[in-house]
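[1] sequence and predicted structure below; questions after.
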Amino acid sequence: MSYQLVIHEEAYRELDEAERFIEARRTGYGLQFREEVAACLRFIVDRPTGHALRRAGFRYGIVRRFPYRVVYKVDGEVIFIAAIYHGKRKPFGWMGRRT
């Protein structure tokens, strides 16, 4: 089955913000972070049910090497990315986001 990936605009903002923060702390790590997020997104598209169900039907993909999560929900052929956030920061601030 082919899935359509829909990313909430706040998730894009969170990704950019995290990349800038990581890069400012250690040169070259911002790009590595973005590559790990891309790998996590590829895993999600390849295996949408590969992560356990959590609150309200959302699933959490883990970004390797960084303490970030990709929060997503599968609805038919659409994968909705609600958030990309640090695991210890505002853990449920994304709950009101809709497609």
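    Nice, thanks for sending it over.

[2] for the rest of this, base every contact and every neighbour count on C-alpha atoms.
    Will do.

[3] show the pLDDT at Ala56.
    pLDDT for Ala56: 86.

[4] just Gly61 next, same as before
    pLDDT, read off for Gly61, is 96.

[5] residue at max distance from the center of this protein?
    Thr27 (22.2 Å; CA atoms, centre = their mean).

[6] helix or strand: which one has it?
    For Thr27, there is no helix or strand it lies in under DSSP states H and E.

[7] going forward can the numbers begin at 17, since that is how I track them
    Okay, using 17 as the starting number, the last item reads as Thr43.

[8] what's the spacing between it and Glu35?
    Counting by CA to CA, to the nearest Å, the separation of Thr43 from Glu35 is 11 Å.

[9] low pLDDT regions in this structure?
    Along the chain, the model assigns pLDDT under 70 to residues 106-115.

[10] let me see the ranges of the helices in it.
    Along the chain, the stretches classed as helices by DSSP state H are 25-41, 45-62.

[11] who are the packing partners of the first one?
    If you count contacts as 3 or more CA pairs under 8 Å, 6 or more residues apart in numbering; DSSP states H and E, helix 25-41 packs onto helix 45-62, strand 94-102.

[12] for His24, find the nearest of these.
    strand 94-102 (5.5 Å; CA to CA).
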